[in-house]
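*Asks:* Got a sequence here, can you model it:
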Amino acid sequence: MTNLNKYLTSAVAGGLMGAAVALLLAPRSGKESRTQLREKGLAFMARSAAQKVKVSNWGNYPKIEAKIHYFDDVEQLRHLLNQLPTVIARGNGGCYGDSALAPQIISTLHYNKFLSFDDEQGIIRCQAGVLLSELLEIIVPRGWFLPVTPGTKLITVGGAIASDVHGKSQHKAGNFSDHLLEMELMLADGQVVKCSAKSDETLFWTTCGGMGLTGVILNATMKLIPIETAYFCQDTIKAKNLDHLMDLFEESEPWPYSVAWIDCLTKGNSMGRGVLMRGDHAKFKDLETERQRQNPLVPPTELRLLVPFNFPEFALNSLTVKAFNFLYYHKQIQDVVKSVVDYNSFFYPLDIIYKWNRIYGQRGFTQYQFILPKEKSRAGMKVILQKIVERGMGSFLAVLKLYGDQHGTLPFAMKGYSLALDFPIRDELFDFLDELDKIVLSYGGRLYLTKDARMSKEMFRQTYPDANKFITNMKKINQNNKFRSLQSDRIGLT
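*Replies:* Numbers count the residues shown, from 1 in each chain. Just a heads-up that it's a prediction; the model follows:
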């Protein structure tokens, strides 16, 4: 029971409602869940090759009918591109909205081999369908780690590039693309090309964060970072309000990793109270237990849990959010708690909950993630939190992060703060999000395309200043708009 509580606490820190769902979670073994994830995914791809199927990404919204095709080698892929008028590539469906949805989808999940690994220099090359979880299983025991990782390891390398993902280290390490040495992709005409930040940089930076609109990513070569252990030294610090929390972020800027959970339904002097978590790679001398010291590069076996069915809509309301937020904020008695945790607990607490997206019900959910310039973040965040309080539209997940600038022609990040909020799909939700859009726009912010499912074309054009440059570059590469998605049509990219 101690391990269960530890993992649930970590999951809450990533935004899950922890004990509120624990009674409905069924244990699963770590090995079974990993293998089952891929086997079910591949079986799904095989079945769908013959007929249209219902498909959605992680938010379970929107759901569409689509035909999904898969390939094992470049010739099969080239044949598919010759046969299909328009298409979008899709990895493990980890994007939340509609950026990897289209009537015709090409899955990369079969294309998942490791090609080379220089474990002296920390350089690895693999095909685009490899999951980050599979990468970690290879590199961590050999003393290497990903320099940038999002809050889930159950996404493909190709998806990480197409979204140019980021994580707790963005303010220090940048984005996934900053550590790519080279990649190959297949263009609309079937041509296979290589590119890097130093060679064909227009193609490279249009592809990184380009939401799959330049071609099908085939493989990537990445530079890793060395580690002594699979563990992290973590400080967990309570903050009494938003100003206090942002002060803690400023103090913690030298730390390589930082993130905070916010209680988004408090008001007055407690508005924006939260818990900041900052960390760094643990050295061998930092390890606390004999088990850690005996296997410093092998974390304990993950506890696997399952959300067995979609929650009813009434389970998620302002009262349950308030109750959860109160319990989570007060569960830590001390102002500061220091601990040593394994990398799964530190980065991927939600991954232990198989199908946690079912918590948001049959209609699914959307994540509203926005970023504001640093000099306007405090004022803008307070206005948005006040709007959330007034409307009672609280989120179990309310995650604040500090950012630096981002390379590329379609960057989400800027020097500033981002807040990510999960909202179950409700009839009144989109009108409320339109109101938030106006606030984000007035403070010079923008929304994250990888999480987006409803942004308007006007909002996109006004908040992404290099959108025209991206479209010009992309149309030269993406012949006849071969690659297009529901999102690219909705916001005017194709």
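
*Asks:* element containing the closest residue to residue 197 other than its chain neighbours?
*Replies:* Excluding the flanking residues, the one nearest residue 197 by Cβ to Cβ, 6 or more residues apart in numbering is residue 204, at 5.5 Å. Where C-beta positions appear, they are placed from N, C-alpha and C, glycine not excepted. Take DSSP states H and E as the rule and residue 204 turns out to sit in helix 201-207.

*Asks:* Please apply the same query to residue 85.
*Replies:* Assigned by DSSP H and E, residue 85 belongs to neither a helix nor a strand.

*Asks:* Report how many residues lie close to it.
*Replies:* Residues lying near residue 85 (other Cβ atoms under 10 Å) number 10.

*Asks:* Mind listing what's buried along the helix holding residue 204?
*Replies:* By neighbour count, with 16 or more other Cβ atoms under 10 Å as the criterion, the buried positions of helix 201-207 are 203-207.

*Asks:* In TSV: those, plus pLDDT and distance to residue 275.
*Replies:* As requested, the buried residues of helix 201-207 are arranged in TSV below (pLDDT from 0 to 100; distance: Cβ to Cβ, whole Å):
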residue	pLDDT	distance to residue 275
203	98	42
204	98	38
205	97	36
206	98	38
207	98	37
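
*Asks:* Can you add distance to residue 194 and give these back as CSV?
*Replies:* Formatted as CSV, the entries for the buried residues of helix 201-207 read as follows, by distance: Cβ to Cβ, whole Å:
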residue, distance to residue 194
203, 9
204, 10
205, 14
206, 15
207, 11
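
*Asks:* now, which of those sits nearest residue 400?
*Replies:* Taking Cβ to Cβ as the measure, residue 205 is the one of the buried residues of helix 201-207 closest to residue 400, at 27.7 Å.

*Asks:* hang on, the closest one packs against residue 409?
*Replies:* Yes. With contact defined as Cβ atoms under 8 Å, residue 205 and residue 409 form a contacting pair (5.7 Å).

*Asks:* low-scoring stretches of this protein, by residue?
*Replies:* Along the chain, the parts satisfying pLDDT under 70 run over 1-50, 314, 317-319.

*Asks:* The helix or strand just after the helix holding residue 204 pairs with which strands, parallel or anti?
*Replies:* Read in the C-terminal direction, the helix or strand following helix 201-207 is strand 216-223, with elements assigned using DSSP H and E. The strands beside strand 216-223 in its sheet (DSSP bridges) come out as strand 123-127 (antiparallel), strand 180-186 (antiparallel).

*Asks:* buried residues in strand 216-223?
*Replies:* Of the residues in strand 216-223, those buried by neighbour count under the rule 16+ other Cβ under 10 Å are 216-222.

*Asks:* Touching it from outside, list them.
*Replies:* If you take Cβ atoms under 8 Å, 6 or more residues apart in numbering as the criterion, strand 216-223 is touched by 74, 77, 81, 89, 106, 108, 111, 115, 122-128, 146-147, 157-158, 161-162, 179-186, 192, 207, 483.

*Asks:* let's see it at 6 Å
*Replies:* Strand 216-223 has contacts (Cβ atoms under 6 Å, 6 or more residues apart in numbering) with 89, 123-125, 127-128, 157-158, 161, 179-186.

*Asks:* out of those residues, which are buried?
*Replies:* The neighbour count (16+ other Cβ under 10 Å) marks 89, 124-125, 127-128, 157-158, 161, 179-180, 182-186 as buried among these.

*Asks:* Quickly name whichever of these is closest to residue 52.
*Replies:* Using Cβ to Cβ, the shortest approach to residue 52 within the buried ones among the contacts of strand 216-223 belongs to residue 89, at 18.0 Å.

*Asks:* these two touch, right, that closest one and residue 105?
*Replies:* No. In this structure residue 89 lies outside contact range of residue 105 using Cβ atoms under 6 Å: 7.7 Å.

*Asks:* Next up, the contacts around residue 483.
*Replies:* The contact partners of residue 483, taken as Cβ under 6 Å, 6+ apart, are 88, 213.

*Asks:* 10 Å instead?
*Replies:* When contacts are counted by Cβ atoms under 10 Å, 6 or more residues apart in numbering, residue 483 touches 81, 86-89, 102, 106, 187-188, 210-216, 474, 477, 494.

*Asks:* any idea how far it lies from residue 349?
*Replies:* 34 Å (Cβ to Cβ, to the nearest Å).

*Asks:* the helices in the stretch 1-150 of the chain, which residues?
*Replies:* When secondary structure is read from DSSP state H, counting those that start in this stretch, the stretch 1-150 of the chain shows helices at 2-13, 19-22, 30-48, 74-83, 132-139.

*Asks:* what do residue 89 and residue 105 both touch?
*Replies:* Between them, residue 89 and residue 105 share these contacting residues under Cβ under 10 Å, 6+ apart: residue 485.

*Asks:* So what does residue 342 look like in phi/psi?
*Replies:* According to degrees, to the nearest 10, the main-chain angles of residue 342 amount to phi -80, psi 170.

*Asks:* bridging residues for it?
*Replies:* In this structure, residue 342 bridges to residue 231 when assessed by DSSP bridges.

*Asks:* In this structure it contacts residue 227, no?
*Replies:* No. The pair residue 342 and residue 227 fails to qualify as a contact (Cβ atoms under 10 Å) at a distance of 11.9 Å.
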